[in-house]
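Peer 1: What shape does this take:
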Amino acid sequence: MNVVVLLPPRAKDAVFRLVTGLHREIYRRTGGRLTARIGLVPMLLLTTTGRRTGQPRTTPLFYLPDGDRLVLVASYAGDDRDPQWFKNLVANPDVSIQIEGQTRRMHAAVATPEEKARLWPQAVALYQGYAAYQRRSRRDIPLVVLMRQPPAD
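Peer 2: Purely as a prediction, here's the structure:
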């Protein structure tokens, strides 16, 4: 069931920060054992570089495997604004992810319209809420494709 709570933007942002912070800490402290999946949907921790602060910013997100790539949905629960993590990775596409206890460096790119046409139905099949988010939002919700970076020397 998808519950929609309409909050003013500042209140929504505060709720998201609180929930994200709790989820991130549980994921980190347990190596993902407790929160690496929500139901059947796999979850990772995405760390971006803050576009204004230069500081690391970590967000738990659902992901869709696509061969050796991973796909993220920048839905912000159907808000008309892009999520901060998306703005950060557009500014600096070199990110890191943690899946359970493993961390990897990745490079992010916004999916092309052709990629999105192929991937969007898969994302909705993974989590039905994305379809409702797109109906509710005035923006076209972007997909982000993560590709492995070679190991640092």
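Peer 1: any idea how far Thr48 is from Ala91?
Peer 2: For Ala91, the distance to Thr48 (C-beta to C-beta, to the nearest Å) stands at 8 Å. All C-beta atoms are positioned from the backbone trio N, CA, C, and that covers glycine.
Peer 1: More neighbours: which of these two?
Peer 2: Thr48 (24 against 12; other C-beta atoms under 10 Å).
Peer 1: ok, what's across the strand from Leu64?
Peer 2: Assessed by DSSP bridges, Leu64 has beta-bridge partners Val71.
Peer 1: wait, what's in contact with it?
Peer 2: Leu70, Val71, Leu72, Val73, Leu119, Gln122, Ala123, Leu126 (C-beta atoms under 8 Å, 6 or more residues apart in numbering).
Peer 1: Would you mind identifying the next helix or strand past the lowest-mean-pLDDT helix or strand in the chain?
Peer 2: One helix or strand of the chain scores below all others by mean pLDDT, DSSP states H and E: strand 37-38, with a mean of 59. Using DSSP states H and E, the helix or strand that follows strand 37-38 in sequence is strand 41-49.
Peer 1: Before I go, just wanted to say thanks for your time.
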